[in-house]
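[1] below are the sequence and a predicted model; questions follow.
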Amino acid sequence: MGYNFRPVERDQPYLMPPSLRDWLPEDDLAWLVIDVVAELDLGPIVSRYRADGWGAAAFDPAMMTALLLYAYAGGDRSSRRIEARCRRDIAYRVITANQVPDHATIARFRADHEAALGELFGEVLRICAAAGLGSLGLVALDGTRLGADAARDANRTAAQLDDEIARILAEAAATDAAEDAEFGADRRGDELPTALAERGSRLARLRAARTRLAADEADRGAAHEERLVERAERETTAGHRTIGARPGPPPSPRTEARANVTDPDSRMMKTRAGWTLGYNGQAVVAQDGLIVAAELTQSAADATQLGPLIEAAVANVAAAGFATPIGTLVADAGYWSPATLATPPPGSPELLVAPKPGPRRTSARKRTIAHEALRQAMAAALSTERGEQLFRRRSGVVEPVFGQIKEARGIRRFRRRGFRECASEWRLICTTHNLLKLWRSGRYPPRSGPSRGRPPRATHPPRHRTSLSRGQPPGT
């Protein structure tokens, strides 16, 4: 008796073409992404294409949008990796209908439509609201640092930037003089070397970094002068220095400011693991893990983001059509902003923000007397049984979301460069997080009858199956 194995006939031709409907189960994430994209308003993306029928046929914008959303949901953000998946992964082949856009096409689509792709956050949030997601009785606000697509070694001081700019300009002038001597002043000659073209691009980035440093130096100088004026006014009013105070030199702005030549918009930010070069991703999260507001900032301080995030969350909840408004918003002491808490944005929910301890210096205490009553009132609200219970749930609401993004999906740094580009990518990351929540919830069942994205279910058992393996995106 021999072994009884199923035959492996890779050379057996199919009598009928295999159907995409047989490749994935009905509840697969790929089908949900296709169905959701069919309900999105892709007008801003479609409007950028020619409507006269001329030129080569382009890939369907709905298919490209679904491809990006599915790839980001699984943590695949490299255009080359996405192209490889389109060749080898069943779910990707279902989404693209067996088409394989190359990595350059994928990268151009993402760059050309970055603003419209970022706005899909609100569209997907509307679908999640219609499906019954979003426990808005309590929402939590927090931020996380994501690395920039640049190295810390590319940071330069103002003097280093000036030296490098001068060196590149001198090298370009020497190259021009040598070419004039070889080809003549009135003749162009052959194309410029690739290295010279790269130096021209680098020179533009160096100049952008130097401009940013100049603006930062001006801001720090103005703040320094303002501190000196305030100190002089206090001493004039008091008539003498505080007893026991050390005269010492006045505080001065930091002299060794640096800018990154690869991504001038990125900033150095402190994390629990040390300093990192990147951006500060902000999110307002509902009790069920749904992100209702997502913004990106270059500021390492969270306190300035309290007002903008409240406004964004209230506006998004209203636009998405949630049945109830936000009940209470909780945030840690990093978001303590007396100005925002004293005059919250219109329509703000109840705010529970851990107050920072009062300032130690006498001069600082004098300037914050107006906010001391606010601090005491917030401390009293948080000391009640209800306040303690609500604030204790803050970390359990918002921290798992950042863990799912960074650990489960492996997104720890941006793939794009520049603040506008990274802001769009952050919103796309949060959009796909909500898509995964919608998929895991099971509240978005397949629609009855044929849909625009999904082929109708077969009425008989499938006769053939492919031998391709299907990738499983990480869940949330």
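    Thanks, I have it.

[2] list the buried ones in the helix or strand containing residue 423?
    Element membership for residue 423, per DSSP states H and E: helix 419-441. Within helix 419-441, the residues scored as buried using 16 or more other Cβ atoms under 10 Å are 419, 421-439. Just so you know, the C-beta spots here come from the backbone N, C-alpha and C atoms, and that holds for glycine as well.

[3] next one: stretch 311-318
    Per 16+ other Cβ under 10 Å, stretch 311-318 contains these buried residues: 311, 312, 313, 314, 316, 317.

[4] out of these, who's nearest residue 131?
    residue 317 (15.0 Å; Cβ to Cβ).

[5] list the buried residues for stretch 124-142?
    124-129, 133-134, 136, 138-142.

[6] ok, stretch 400-407 next?
    Those would be 401, 402, 404, 405, for stretch 400-407 by 16+ other Cβ under 10 Å.

[7] before we move on, what about stretch 93-112?
    So for stretch 93-112, counting by 16+ other Cβ under 10 Å, buried means 93, 94, 95, 96, 101, 106, 107, 109, 110.

[8] before we move on, the earlier item: so of the buried residues of stretch 124-142, which ones are in helices?
    124, 125, 126, 127, 128, 129 (DSSP state H).

[9] which of these sits closest to residue 305?
    residue 125 (19.3 Å).

[10] rebuild the buried residues of stretch 400-407 as TSV, extending it with secondary structure.
    Output for the buried residues of stretch 400-407, formatted as TSV (DSSP: H, G, I helix; E, B strand; the rest coil):
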residue	secondary structure
401	helix
402	helix
404	helix
405	helix
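
[11] the residues you listed into JSON lines, with extra columns for distance to residue 57?
    Below are the buried residues of stretch 400-407 laid out as JSON lines (distance: Cβ to Cβ, whole Å):
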{"residue": "401", "distance to residue 57": "40"}
{"residue": "402", "distance to residue 57": "41"}
{"residue": "404", "distance to residue 57": "38"}
{"residue": "405", "distance to residue 57": "36"}
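
[12] now do the strands in the stretch 351-476 of the chain.
    Counting by DSSP state E, counting those that start in this stretch, the stretch 351-476 of the chain forms no strands at all.

[13] ignore what I typed, I meant the stretch 51-200 of the chain.
    Using DSSP E, counting those that start in this stretch, strands in the stretch 51-200 of the chain cover 138-147, 155-157.

[14] least reliable of these by average pLDDT, please.
    Of all the strands of the stretch 51-200 of the chain, the minimum mean pLDDT falls on strand 155-157 (a mean of 62).

[15] report the buried residues of the biggest strand by length in the chain.
    In the chain, taking DSSP state E as the definition, the longest strand is strand 274-286. For strand 274-286, burial by neighbour count (16+ other Cβ under 10 Å) applies to 276, 277, 278, 279, 280, 281, 282, 283, 284, 285, 286.

[16] what mean pLDDT does the very next helix or strand once past that strand have?
    Following strand 274-286 in sequence order, the next helix or strand is strand 291-297 (DSSP H and E). Average pLDDT, strand 291-297: 96.

[17] strand 291-297 vs strand 274-286, what angle?
    150 degrees (axes from the mean of the first three to the mean of the last three Cα atoms, to 10 degrees).

[18] for strand 291-297, enumerate the helices and strands it packs against.
    Contacts defined by 3 or more Cβ pairs under 8 Å, 6 or more residues apart in numbering; DSSP states H and E place strand 291-297 against strand 274-286, helix 306-320, helix 419-441.

[19] now it against helix 419-441, angle please.
    Using the same axes, to 10 degrees: strand 291-297 against helix 419-441 is 160 degrees.

[20] what ranges does the stretch 201-350 of the chain have for its helices?
    306-320, 338-342 (DSSP state H, counting those that start in this stretch).

[21] looking at these, which one has the lowest mean pLDDT?
    Among these, helix 338-342 scores lowest, with a mean of 90.

[22] hmm, who's touching it?
    306, 307, 310, 351, 353, 368, 370, 371, 374, 375, 378 (Cβ atoms under 8 Å, 6 or more residues apart in numbering).

[23] mind putting those residues in CSV, neighbour count and distance to residue 298 included?
    Output for the contacts of helix 338-342, formatted as CSV (neighbours: other Cβ atoms under 10 Å; distance: Cβ to Cβ, whole Å):
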residue, neighbour count, distance to residue 298
306, 24, 16
307, 18, 17
310, 26, 20
351, 19, 24
353, 24, 22
368, 13, 26
370, 9, 29
371, 17, 26
374, 16, 28
375, 17, 28
378, 19, 28
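
[24] ok, so of these, who is nearest residue 12?
    When these are ranked by distance to residue 12 (Cβ to Cβ), residue 310 comes first, at 62.1 Å.

[25] the closest one reaches residue 344, doesn't it?
    Yes - contact criterion Cβ atoms under 8 Å: residue 310 and residue 344 qualify, at 6.6 Å.

[26] need the residues touching each of these two.
    Contacts common to residue 310 and residue 344, judged by Cβ under 8 Å, 6+ apart, are residue 351.

[27] nearest to residue 22, out of the helices and strands packed on strand 291-297?
    Closest approach to residue 22 among these (Cβ to Cβ): helix 419-441, 20.7 Å.

[28] now the angle from the closest one to strand 138-147?
    130 degrees.

[29] excluding chain neighbours, what is closest to residue 68?
    Counting by Cβ to Cβ, 6 or more residues apart in numbering, residue 110 is the residue found nearest to residue 68 once chain neighbours are left out, at 6.3 Å.

[30] contacts only, for that neighbour.
    Residues in contact with residue 110 (Cβ under 8 Å, 6+ apart) are 68, 79, 117.

[31] cool, and residue 208?
    So residue 208 contacts residue 264 (Cβ under 8 Å, 6+ apart).

[32] can you pick out the most distant pair from the buried residues of stretch 93-112?
    94 and 107 (22.1 Å).

[33] next, format the helices of the stretch 201-350 of the chain as TSV and append distance to residue 26.
    Formatted as TSV, the helices of the stretch 201-350 of the chain follow (distance: least, Cβ to Cβ, whole Å):
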stretch	distance to residue 26
helix 306-320	27
helix 338-342	47
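
[34] so which of these is nearest residue 41?
    helix 306-320 (12.4 Å).

[35] out of the contacts of residue 110, who has the most neighbours?
    residue 68 (26 neighbours; other Cβ atoms under 10 Å).

[36] ok, that residue - contacts?
    With Cβ under 8 Å, 6+ apart, residue 68 has these contacts: 82, 106, 109, 110, 117, 428.

[37] at which residues are the helices of the stretch 1-150 of the chain located?
    Counting by DSSP H, counting those that start in this stretch, the helices of the stretch 1-150 of the chain are 29-39, 43-46, 61-73, 79-88, 90-96, 103-112, 114-130.
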